[in-house]
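Structure for this input, please:
(2 chains)
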Amino acid sequence: MGTRVAVNQVLRLAVRNATISTLCPRQFGRYYLQSRWCCSSTNQATQHNQDLNPPSGIPVTELSLRSFIDMGFTESQAEQIYESLANVRRGDSAKHILPTLTALFVLGLNPSSVKKCLEKCPELYTIKEAQLQQRISNLRKMGLVEGSLQRVVAHYPRILTVPLKRVKNVVMFLKEKCLFTSQQVTDIIRDCPAVVLENLDQLEYKFQYVYFRMGVKQAEMVKCRLFRYSLDEVRCRHTFLERRGLYETPDKKGQTTIINPSLDSILNVDQDTFLAHVAQASAEEYDVFKRLAAREWQEEELQQGRTEPDSDDEDDDEDVDDDDDIEAKSGYGKRRKK
Amino acid sequence: MALLWDTSLLLRKVKDLRCLTPRRHRVKEKWAATRPKLPPTRLAVHHFDATYSTQLGQLWPSVRLAMLSERKYGALLNNFSHNAVLAELKAQGCIDFISEREREVPSCLEEKSEEPSDVSMKSSDVDGEQLSLSPNIKCLVFPRGDVTRFKPARPDKNSLLGYYLMDAASLLPCLALDVQEGHSVLDLCAAPGGKTLALLQTQAIRFLCINDSSVSRTLRLRKVLHSYVPKQLLTNENLRITSFDGTKWGEIESNTFDRVLVDVPCTTDRHSLMEDDNNIFSKSRTGERRRLPQLQLELLLAGIQAACPGGEILYSTCTLSQNQNLSVVEQAIYQAREKDGIHLQVVDLRPLTRMFGNTFHFAPDLHLGEMVIPHLAANFGPIYMCKLKRLT
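Numbers count the residues shown, from 1 in each chain, chains lettered A, B, ... in the order given. I've put the predicted structure just below:
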């Protein structure tokens, strides 16, 4: 009997919250949740009534374990959520939980993926309802259709924690600096949502590296999900091929003397396949190369960082040090091609 | 007066008119765009791609990768320095590839040929007899695949440096030269001095003659020697540094030396690929580059003439090019016999390759001499060497 009381409490709570919100999808959410609770409470109450006696003095704004189960989570899932909630809950953040859950359910995610989302990104508990709705509708506006939207959120729930302005900036950047079409941008957000949190300078560098050094056009970049890979991964494989004489930068007419392997065959394969079929090299070589390349790039960055502020003084210092050993200087000091 | 002033002013203004400027002062306008400016390193890559891909075949991509990546160094230990460098470097994980190879090679041989194990034992014994390596040359390298770098060497209390950093493969010609006690040795193209220093480390040479045609390079060589070898060993009785034209050596001093090292100038493949300054592939040095094989041939012939009958000559380059390696040696053997009546025998260096097969990658199936080819895990070389013995 006690469980019935709890359900009613949560229901009341949900209805009250839902009526506060004036947004249109919320109405649907209320009905959705209500119906979900109604049917779940009838069949689950019989199974779990022995161990879950809610404290009688529970305040209305608190969610009990019971209510999570009633939302359709299994018992263990509910317990985990309840516990993580207890960790997150500080101050007034608790009042955002219900809208978050509602919003996720409204999107059409099932309880297990909702739980996964929350696990992946506990920050979701603390987002304000209005922001959440705004962000979701913005994603819709960008052209993510039903299905893709759910997949993006399930895959990368952090996208809902990113401010609207930031997402818009990234989209503008992709359209204006990288000249992707709107459809391509939608595809990028769908396939590689993590792009919204990347540093724009690095993003631009990565795009320019692939566009200019590798001579790959936008359409192919989108198709190969370029933005899933870090710059270092892309650069490492490309430089490896280039030094082996298997990849050439196309000239301004887009011509090369050899046939370059496609971006797809370079990136979207595991290392062994890449080495066996594209690079035709041994794993030992690639392993050594990765270490050498990492060091080379690190030094390059150091040098760039050093040339921007007053470079002359420090260079002079180094020269004095190196004069001890002539061979070492000619070997290591002048490695860099200018 | 005013009139004169005016006319000169007028003339100056008029000077810009094309029809009035004398033909010799006219600047011809450029119509055609100039040839695309490619840096010499790019030219070198194109050149090597064209020649070496046919010469090395399947091996070329990995050699190319290795040459375009950071090279590996070896630290030639300076026996004259009193620093405890050896222990220090060994603590960092270095191994002396010359002395510590014996531990590795027999096991490797046994693995390869398990059944005739006694035969392989014999052959390795025979190797040891054939090539008596000087125990004084010690060179430390980081193990295969290790990309750690050496720190610059520090001077000891006599201000002599503890080790000399050089391509470990460049040491192989010095080892192959097989200098014995009391020999007189000629180093025909000695600068920058790594190989010379290795020869001096043997402490067996009675008289060493060092030559390099370029004065500035000789000066640099002198500096190197002074920072590694104590002054009492650099006396006129046992050392002579000259900067003559090496090709004339046969006329200056023929039939003199027991051992001659001819480390000729070449296209220095690694340097040409990596650095734009002083690059032999730059447009202005095309002629020089084309004349290289001829120069190399003349130097080798001079070296052959300078060796005494029974003496040995070692020809080495740091290029993979067949034209500068095998062809030059073949031509030299032929010309020495035809013109000077000197008969030469090619000395087999395969024992050496068997000894150091773990440290270096050697090119397979070379019918004359041996060649170290770069590989990323053991990024030494390229070094070509061929040893000749003068019979008459």
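
List, one by one, the residues from chain B near chain A.
Counting by Cβ under 8 Å from any Cβ of the partner chain, chain B comes close to chain A at B:41, B:49, B:53, B:60-62, B:64-65, B:68-71, B:73, B:145, B:147, B:149-150, B:152-155, B:161, B:164-166, B:192, B:194, B:220, B:223-224, B:227, B:274-276, B:375-377. C-beta coordinates here come from the backbone N, C-alpha and C atoms, glycine included.

Could you tell me the end-to-end distance of stretch B:264-272?
16 Å (Cα to Cα, to the nearest Å).

List the contacts of that stretch.
By Cβ atoms under 8 Å, 6 or more residues apart in numbering or on different chains, the residues outside stretch B:264-272 that reach it are B:40-41, B:44, B:48, B:67, B:71, B:188-189, B:278-281, B:289, B:292, B:295-296, B:299-300, B:315-321, B:324, B:328, B:374, B:382.

go again using 7 Å as the cut-off
B:41, B:44, B:48, B:67, B:71, B:189, B:279-281, B:289, B:292, B:295-296, B:299, B:317-321, B:324, B:382 (Cβ atoms under 7 Å, 6 or more residues apart in numbering or on different chains).

Drop anything exposed from the residues of chain B next to chain A.
B:41, B:53, B:60-62, B:64-65, B:68-71, B:73, B:147, B:150, B:152-153, B:161, B:164-166, B:192, B:194, B:220, B:224, B:227, B:274-275, B:375-377 (16 or more other Cβ atoms under 10 Å in any protein chain shown).

What ranges in the stretch 201-338 of chain A fall below the confidence cut-off?
A:307-338 (pLDDT under 70).

Where do the helices of it begin and end?
Remark: helices assigned in the stretch 201-338 of chain A by DSSP state H, counting those that start in this stretch are A:218-223, A:231-243, A:263-267, A:271-273, A:283-307, A:311-322, A:326-328.

So which of the ones you listed has the densest surroundings on average?
Ranked by mean neighbour count, the helices of the stretch 201-338 of chain A are led by helix A:326-328 with a mean of 21 (mean count of other Cβ atoms under 10 Å in any protein chain shown).

Show me where chain B has its helices.
Using DSSP state H, the helices found in chain B span residues B:2-14, B:40-56, B:60-68, B:85-91, B:101-112, B:117-130, B:171-177, B:194-201, B:215-228, B:249-252, B:269-274, B:286-306, B:326-335, B:350-355.

what residue ranges in the stretch 51-200 of chain A score low on pLDDT?
Residues of the stretch 51-200 of chain A meeting the criterion pLDDT under 70: A:51-63, A:87-95.

How many residues are close by the closest residue to chain B within it?
Nearest residue of the stretch 51-200 of chain A to chain B, counting by Cβ to the nearest Cβ: residue A:179, 27.3 Å away. Applying other Cβ atoms under 10 Å in any protein chain shown, we find 12 other residues in the vicinity of residue A:179.

Am I right that it is in a helix?
No - per DSSP: H, G, I helix; E, B strand; the rest coil, residue A:179 lies outside any helix segment and is coil.

wait, what's in contact with it?
Per Cβ under 7 Å, 6+ apart, neighbours of residue A:179: residue A:218.

any idea which helix or strand carries residue A:152?
Here residue A:152 sits within helix A:148-155, counting by DSSP states H and E.

buried set for the helix or strand following that helix?
Next in sequence after helix A:148-155, counting helices and strands by DSSP H and E, comes helix A:164-176. The neighbour-count check on helix A:164-176 (16+ other Cβ under 10 Å) flags A:167, A:170, A:171, A:173, A:174 as buried.

How about the fourth one, nearest residue that isn't a chain neighbour?
Yep, that's residue A:173 we're talking about. residue A:200 (5.6 Å; Cβ to Cβ, 6 or more residues apart in numbering or on different chains).

Make sure that neighbour is actually in contact with residue A:171.
No - Residue A:200 lies out of contact with residue A:171 (Cβ atoms under 7 Å); the separation is 11.5 Å.

any idea which helix or strand carries the nearest residue to residue A:171 once chain neighbours are set aside?
Leaving aside its sequence neighbours, residue A:171 sits nearest to residue A:185 (Cβ to Cβ, 6+ apart; 5.6 Å). Assessed by DSSP H and E, residue A:185 sits inside helix A:182-191.

Please point out which parts of the helix or strand hosting residue A:76 sit buried.
Taking DSSP H and E as the definition, one finds residue A:76 inside helix A:75-88. By neighbour count on 16+ other Cβ under 10 Å, the buried set for helix A:75-88 is A:77, A:78, A:80, A:81, A:82, A:85, A:88.

Point out where chain B drops to low pLDDT.
B:1-19, B:28-36, B:101-131.

who are the neighbours in contact with residue 260?
The chain I'm using is chain A. Residue A:260 neighbours (Cβ under 7 Å, 6+ apart): A:247, A:248.

nope, chain B please
With contact taken as Cβ under 7 Å, 6+ apart, residue B:260 is in contact with B:186, B:188, B:303, B:306, B:307, B:311, B:313.

Can you report how many residues neighbour residue A:112?
Counted with other Cβ under 10 Å, residues neighbouring residue A:112 total 12.

Settle this for me: residue B:230 is touching residue B:80, isn't it.
Yes - contact criterion Cβ under 7 Å: residue B:230 and residue B:80 qualify, at 5.4 Å.

Who has more neighbours out of those two?
Neighbour count, other Cβ under 10 Å: between residue B:230 and residue B:80, residue B:80 has more, with 18 against 11.
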